[in-house]
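A.B. asks: the sequence isn't on hand, but the structure is:
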């Protein structure tokens, strides 16, 4: 009985290992999603940008700031290196419910230069760890509209919004703000018939040469 249990456990362990190895290397088909890239921040450590580009990474979204206080220390180096590697590049801001829109816009604009070659800026909308504020919907949409207007005036291009499922379920962003969406969902693309989107985070656990550890892998449909 113990032997049989041991065999079953070993088989389940091998299946789990095989699934993990498959998941860490998986990316959607290039036929359906020809443009594929990464989301990068200082959390990813030192990035070997030439290695990323050589493996077919088409673009990178690089975090500039989080809320009104944290300015990503690796942003300038990553921004310059992505451009030097011949990749397309854009800046992102992690929105915070615990900071004023004006402060968050200032943090972003201080970090991100005006660059006509850059991709549209992205605002990520998620519940920030350590921030317990939960304002009403009207207040959040008002602050977000202020933030969007300031960033768009700086960049000269419309922003893309990247809401998490739980943030969007609470605040129904699309009800008050008409902007292009970037959605997250590991392995299974969101239904484009139900909700239009232009980018999808297909995996937040992909491993790729040039980055130590898992990275968010983002794709654009044909």
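C.D. replies: Yep, that arrived. Just so we're clear, the structure is a prediction, and the values are computed from it rather than from any experiment.
A.B. asks: what strand or helix carries the residue nearest the centre of the chain?
C.D. replies: Closest residue to the average C-alpha location of the chain: residue 39 at 5.0 Å, with Cα atoms, centre = their mean. Element membership for residue 39, per DSSP states H and E: strand 35-40.
A.B. asks: check the offset of that strand from the chain's centre.
C.D. replies: Offset of strand 35-40 from its chain centre (Cα atoms, centre = their mean, to the nearest Å): 8 Å.
A.B. asks: and after that strand, which helix or strand comes next?
C.D. replies: Downstream of strand 35-40, the next assigned helix or strand under DSSP H and E is helix 49-54.
A.B. asks: who are the packing partners of the very next helix or strand once past that next one?
C.D. replies: Where DSSP H and E defines the elements, the next helix or strand beyond helix 49-54 is strand 59-66. Applying 3 or more Cβ pairs under 8 Å, 6 or more residues apart in numbering; DSSP states H and E, we find strand 59-66 packed against strand 35-40, helix 75-84, strand 88-94, helix 101-111. C-beta coordinates here come from the backbone N, C-alpha and C atoms, glycine included.
A.B. asks: per-residue confidence for the closest residue to residue 71 other than its chain neighbours?
C.D. replies: Leaving aside its sequence neighbours, residue 71 sits nearest to residue 65 (Cβ to Cβ, 6 or more residues apart in numbering; 4.9 Å). Per-residue confidence at residue 65 stands at 96 (pLDDT).
A.B. asks: now swap in residue 190 and tell me
C.D. replies: pLDDT recorded at residue 190 is 93.
A.B. asks: for the closest residue to it other than its chain neighbours, list the residues it contacts.
C.D. replies: Nearest residue to residue 190 in three dimensions, chain neighbours excluded: residue 183, at 4.5 Å (Cβ to Cβ, 6+ apart). In this structure, residue 183 makes contact with 162-163, 190, 195, 197, 199-201, judged by Cβ atoms under 8 Å, 6 or more residues apart in numbering.
A.B. asks: mind running it again at 7 Å?
C.D. replies: Applying Cβ atoms under 7 Å, 6 or more residues apart in numbering to residue 183 gives the contacts 190, 197, 200.
A.B. asks: what about the closest residue to residue 25 other than its chain neighbours, neighbour count?
C.D. replies: Distances taken as Cβ to Cβ, 6+ apart put residue 207 closest to residue 25, at 6.8 Å, once the chain neighbours are dropped. Per other Cβ atoms under 10 Å, the neighbour tally for residue 207 reads 15.
A.B. asks: with residue 157 instead?
C.D. replies: 14.
A.B. asks: now do residue 131
C.D. replies: Residues lying near residue 131 (other Cβ under 10 Å) number 12.
A.B. asks: hang on, it packs against residue 98?
C.D. replies: Yes. Using Cβ atoms under 7 Å, residue 131 is in contact with residue 98, at 4.0 Å.
A.B. asks: find the nearest non-adjacent residue to residue 145, please.
C.D. replies: Nearest non-adjacent residue to residue 145, counting by Cβ to Cβ, 6+ apart: residue 177, 6.4 Å away.
A.B. asks: that neighbour and residue 147, how far apart?
C.D. replies: The gap separating residue 177 from residue 147 is 10 Å, by Cβ to Cβ, to the nearest Å.
A.B. asks: tell me where the model's unsure across this protein.
C.D. replies: Regions of the chain meeting the criterion pLDDT under 70 cover residues 1-22.
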